[in-house]
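# Okay, sequence plus prediction incoming.
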Amino acid sequence: MNLAVGDAYQESGAVVTDFETNLSVSITGFLNTSQAGNYILSYDVTDSSGNKAETAVRTIVVEDSGPPILTLNGSSTVTINLGSAFNDPGATATDEVDGSVPVTRLGTLNVGAVGVYTLTYTASDSAGNKATPVTRTVIVRDHIPPVIGVEGGSPIFLTIGDTYTEPGVTAADNVDTSVSVVTLGTVDTTVAGHEYSLIRRRIWLETAPLLSFGLSLCRNPKIAFLR
């Protein structure tokens, strides 16, 4: 007879064949359905003349058929900065028979590369029953903005009527090998004495610090002779 751990055992008894009726059968043995294992119950009977029947035995197998229960410690999604250490809170596995069982982590994580990583946790009990795996998503993000460098110096001085030519900027990022730079603002070279701080650079892919040129327009002095 097979039982699962925790099942209730119902004794079905034994049948005695003898000239006498109403003979009582004695049952000996030990059975613990909360503990997996093989158990033997012995059945004996003796008639009024002292004749003892051959002992009958019943083997009861209590099986551990329930898998461990896996519980994820901490959040199922964790975000860390590029290059930061990942402290894995792990998972806990509890089995009805074995109690606490070891947990195995599967999957790779590279904190030096931006990306989304999946870690899988598994566990098995001593009977070979496998728990339902649980997973954790680890997001490694690039948190460092690009660095913008202004070419051509600042401030730039112009004379009225000059044409302003944007000298350009450079942008370097710790992850992206190439980033786009957008220049915003206008310069009116027809008005003297103005100082502009309208030339700004913004990196679309990252939130970058805003840099500005100071631009000044001036008219050269003229000399006239007195008459």
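Arrived safely, thanks for sending. Residues are numbered from 1 along each chain as shown.
# mind checking the backbone torsions on the residue nearest to Ala14 when sequence neighbours are not counted?
Closest residue in space to Ala14, ignoring its immediate chain neighbours: Tyr43 at 4.5 Å, by CB to CB, 6 or more residues apart in numbering. All C-beta spots, glycine's among them, are computed from the backbone N, C-alpha and C. Dihedral pair for Tyr43: phi -120, psi 120, per degrees, to the nearest 10.
# Correct me if wrong: Tyr43 contacts Ser24.
No - if you go by CB atoms under 8 Å, Tyr43 and Ser24 don't touch, sitting 11.0 Å apart.
# neighbour count winner among those two?
Set side by side, Tyr43 and Ser24 show more neighbours around Tyr43, with 19 against 8, by other CB atoms under 10 Å.
# which residues touch that one?
Counting by CB atoms under 8 Å, 6 or more residues apart in numbering, Tyr43 touches Ala14, Val25, Ser26, Ile27, Thr55, Ala56, Val57, Arg58.
# Any idea what it is bridged to?
Beta bridges link Tyr43 to Ile27, Ala56 when assigned by DSSP bridges.
# What separation is there between it and Ala56?
4 Å (CB to CB, to the nearest Å).
# Which neighbours do the two have in common?
Joint contacts of Tyr43 and Ala56 (CB under 8 Å, 6+ apart) are Ala14.
# what about the residue nearest to Ala14, distance to Ile60?
Counting by CB to CB, the gap from Tyr43 to Ile60 is 13 Å.
# next one: phi and psi at the nearest residue to Gly149 once chain neighbours are set aside?
Excluding the flanking residues, the one nearest Gly149 by CB to CB, 6+ apart is Thr170, at 4.3 Å. The phi/psi pair for Thr170 (degrees, to the nearest 10) reads phi -120, psi 150.
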